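In: Next input, structure requested:
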Amino acid sequence: MSEERLTDGWEPGLEAGDSLLRRFVLANAERNAFVASCAGGRFTRWGDLAAADPGSPILFDNAAVLLRPPPYVDLPDMLRRLVEFYPPERHFVLLSAWPTPDLSVAGLRLMGHPPFMFRPPGGEPPSLPVGLRIVEVTDQRALDDFVTTLVRAYPMPGAQGTVLGGLRVLRGPIRLFVGYAGGHPVATAGARLGHGIVDVEWVSTLPSHRGRGIGSALTWAATLTDPAAPATLISSDEGRSVYEAMGYLPLTRLTMWHRPPEFTA
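Out: Numbering: from 1, shown residues only. As a prediction, the model looks like this:
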C-alpha cells in the first residue's frame, strides 16, 4: 500500500490560491521582480527563495522573499545563494512569512516582526477629510509628487533615486495614489495586484498633516483598487489600530532581516 502524499501548502508547483498567505508571498516575490525589471536590474527565483536587485538606494526595494517555511529549506545553502546574489555594497531585506532561526551568521540583522493584516473585500470608505483630494498616479508629474512626498514623510534622505520614480512601474501590477491638500502633495499610498489580492503599501503622510485622517483616506483608496478582492498589508505596531478601524484583521507576524552594505574597497 503506497503512502499518501500530503501537501504542506508550500511546494513550488502548488497553485497560489492554496492559502491567503501563499497568495501574499508569491505576489510579493513577483512584484519585487517586476520592480527590478523596470529598473533594468536583476532577479532570480529558486524553489525556496526569490531575490530581486533593482540597485535602489531604498533598502526595501532590494528585496528577497522566502518561499517555503524554514523547516523545509536548506538554510545554509539558501543563505549562500542569497548573499552571493547581492553585491557586497548593496543593502537588502529578506522577508519571511514565518519565524526563522538566527541568520546573523550570514551578516543579516533582524529588523523585526511586523503584523501581517487582512481585510475582506468590499465596504465603503468614510468621507474624505475636508480639503483633501486623492489622485491616482498616471503621469510623470504625479509620480514625482508621489516619490517626493514618500521620501519626505518617512524621511529617507538620498532616496529620490528610487526605482518607483520611473513611469514603467505604472505599466504592471502597481497602482499609486497621492493626496493633495491646499494644492500640495501631503500623503501617499499604493497597491500591488496579484494572485487575487490587493497588497497595500507605501502609506505615508507628511508630519505636518498627520492626525487628520489623511493617511487612512489614502489607505482606503489603495485598499479599494479592486473592491472585489481582499486586501493585505504589513503594518507597524504604531499604525495597527488605524488599520483595525478600517476592518483589517491581524493574522500573524512576519519576520524581516536586513543585510547592510559592506562597502568593501
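In: low-confidence ranges in the stretch 101-250 of the chain?
Out: Counting by pLDDT under 70, the stretch 101-250 of the chain has low-confidence residues at 157-160.
In: Tell me which stretches of the chain form strands.
Out: In the chain, the segments counted as strands under DSSP state E are 42-45, 49-53, 63-66, 92-96, 109-112, 115-119, 132-136, 174-181, 184-194, 197-205, 231-234, 249-253, 255-259.
In: In the first one, which residues are buried?
Out: Neighbour-count burial for strand 42-45 flags 42, 43, 45 (criterion: 16 or more other C-beta atoms under 10 Å). The way it works is simple: take the backbone N, C-alpha and C, and place the C-beta from them, glycine included.
In: Now the phi/psi pair for residue 225, please.
Out: Summarising the backbone geometry of residue 225 under the convention degrees, to the nearest 10, its torsions are phi -50, psi -40.
In: Tell me who's in contact with it.
Out: 175, 191, 193, 198 (C-beta atoms under 8 Å, 6 or more residues apart in numbering).
In: so can I have JSON lines of the residues you listed showing neighbour count and distance to residue 117?
Out: Shown next, in JSON lines, are these (neighbours: other C-beta atoms under 10 Å; distance: C-beta to C-beta, whole Å):
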{"residue": "175", "neighbour count": "20", "distance to residue 117": "19"}
{"residue": "191", "neighbour count": "26", "distance to residue 117": "14"}
{"residue": "193", "neighbour count": "17", "distance to residue 117": "17"}
{"residue": "198", "neighbour count": "25", "distance to residue 117": "12"}
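In: What's the local residue count around residue 240?
Out: Applying the criterion other C-beta atoms under 10 Å, we find 15 residues in the vicinity of residue 240.
In: Residue 14 reaches residue 7, doesn't it?
Out: Yes - look at residue 14 against residue 7 with C-beta atoms under 8 Å: they come within range, at 6.4 Å.
In: neighbour count winner among those two?
Out: residue 14 (14 against 8).
In: got the phi/psi numbers for that one?
Out: With angles defined as degrees, to the nearest 10, residue 14 shows backbone torsions of phi -70, psi 140.
In: Could you do residue 154 as well?
Out: According to degrees, to the nearest 10, the main-chain angles of residue 154 amount to phi -70, psi -50.
In: do you know how far it is from residue 175?
Out: In this structure, residue 154 lies at 20 Å from residue 175, with C-beta to C-beta, to the nearest Å as the measure.
In: any idea which of the buried residues of strand 42-45 is the one closest to residue 20?
Out: Of all those, the one with the least separation from residue 20 (C-beta to C-beta) is residue 45, at 20.9 Å.
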